[in-house]
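Student: heads up, no residue letters with this:
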Ligand code: TYD
């Protein structure tokens, strides 16, 4: 097994395509140049941009330089954040570290931008060294970088998506694993130059570890009073988790699978006004038991990020607090069906009751829960506060009063930092 593993960054650990292409589109739009079709556009990823503007858009050198300037105008402040970690990379790095391997990154990206990307996506903690060109370096000699990071010989390997990575390995006297999922093209002849060629991240895992690493996924729940905006932000959470390299499952409670959706109808139908608080609490728990069994537990087991719009905390707040059954009673009701699956992160969107009421009535005819009196919502709100105090490590509380874009910006800033602090990414 390799002891020293050097990873290329773009096209190997992270997919920078989206940010680059969006920024190329931006530059072309600003210059009034027609955007080429997707197939052509993808060729912009990798080679120097001025050359691509000349080759694919028929620009002069001066126009191409203007294109590069406009590209940077978008890429530097925002485009680089549109990177994502390839799904499966994070568990692989974690598993390799667990086996005591030393891991490095060697990249042609400037040191500053490489460190920024690695820090933003939470990859730095896995690394024992990063080699990247400093501003004064004009050339990025990867073989030299490899030599600076680890010893030559059969214990070391470079993993990369281009022939340049394989060649650097040969020059530095280390093995190479070429990956076919990045941006490089791999005709058979080129594949033969690498010590190993793999097409997917899981094949890379097989090659490095002898197995595909599996680990439990991440369980995120969204909570708050009705109208707090959590359903709107589900997509933001999905995007953030996918950018971090997770496959996602987005679901909701009550509901989320056929039996639980039927229970949802019972719970929310305004016609069922005679339902007792205990019946209500047990039906929410029953819906949750089926949903946990069918959707949440299997998805977590296969390493996915589960994003669930409401979960047990809603029962604790609405039935425990709002209906005054008590938080601990509700916990007991739910224990049998939850399979011990407590959320890793509960994102709670805080709004005041007046905003909640306004948004609720603007949305649609009130359901049975929404018909409750104000005192019920006051108790629910209070219970959410109690829960937040009881589990501060799991609660990420955000101000939900702003416009959707403001809440989205807040979430994009706070969630990755929260996950990092908890050691989840
Ligand atoms: P829903 O239409 O999903 O509302 P929202 O978009 O605000 O989530 O309806 C769910 C309602 O059920 C909501 O009023 C909160 C309530 N609820 C509970 O009282 N207990 C629970 O355990 C859950 C999951 C929801």
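Tutor: Sure thing, it's come through. What you see is a predicted model, and the numbers here were worked out from it, not measured in a lab.
Student: Is there a neighbour count for the residue lying closest to residue 268 once chain neighbours are set aside? I'd like the number.
Tutor: Distances taken as C-beta to C-beta, 6 or more residues apart in numbering place residue 367 nearest to residue 268, at 4.1 Å, with adjacent residues excluded. C-beta coordinates here come from the backbone N, C-alpha and C atoms, glycine included. Using other C-beta atoms under 10 Å, residue 367 has 14 neighbouring residues.
Student: I figured residue 367 was touching residue 271, is that so?
Tutor: No - if you go by C-beta atoms under 8 Å, residue 367 and residue 271 don't touch, sitting 10.6 Å apart.
Student: so where do the strands sit in the stretch 301-425 of the chain?
Tutor: 305-309, 345-350, 395-399 (DSSP state E, counting those that start in this stretch).
Student: List the single closest residue to residue 124 in space, sequence neighbours excluded.
Tutor: Nearest one to residue 124, counting by C-beta to C-beta, 6+ apart, is residue 118 at 4.8 Å.
Student: Packing partners of the helix or strand containing the one you found?
Tutor: Counting by DSSP states H and E, the element that carries residue 118 is helix 111-120. Secondary-structure packing of helix 111-120 (3 or more C-beta pairs under 8 Å, 6 or more residues apart in numbering; DSSP states H and E): strand 129-131.
Student: Give me the average confidence score over the following helix or strand past the strand it packs on.
Tutor: Sequence-wise, the next helix or strand downstream of strand 129-131 (DSSP H and E) is helix 142-149. The predicted model gives helix 142-149 an average pLDDT of 95.
Student: which other residues reach the helix or strand just after helix 142-149?
Tutor: Counting by DSSP H and E, the element after helix 142-149 in chain order, helix or strand, is strand 156-160. Residues outside strand 156-160 that contact it (C-beta atoms under 8 Å, 6 or more residues apart in numbering): 2-8, 11-12, 106, 142, 146, 150, 165-166, 168-169, 172, 174-179, 182, 184, 195, 204, 208.
Student: Which among these count as buried?
Tutor: Those of the contacts of strand 156-160 that meet the buried threshold are 2, 4-8, 11-12, 106, 142, 146, 150, 165-166, 168-169, 172, 174-179, 182, 184, 195, 204, 208, by 16 or more other C-beta atoms under 10 Å.
Student: Quick check: helices, which of those residues are part of them?
Tutor: 142, 146, 165-166, 168-169, 172, 204, 208 (DSSP state H).
Student: Name the nearest of these relative to residue 55.
Tutor: residue 165 (23.3 Å; C-beta to C-beta).
Student: if I read this right, that closest one contacts residue 177, doesn't it?
Tutor: No - between residue 165 and residue 177 there is no contact under C-beta under 8 Å: 9.0 Å.
Student: Kindly tell me how buried residue 153 is, as a neighbour count.
Tutor: Applying other C-beta under 10 Å, I find that residue 153 has 11 neighbouring residues.
Student: Can you tell me the element residue 33 falls in?
Tutor: Per DSSP H and E, there is no helix or strand for residue 33.
Student: coming back round to it: and the gap between the residue nearest to residue 268 and residue 60?
Tutor: Distance, residue 367 to residue 60, by C-beta to C-beta, to the nearest Å: 63 Å.
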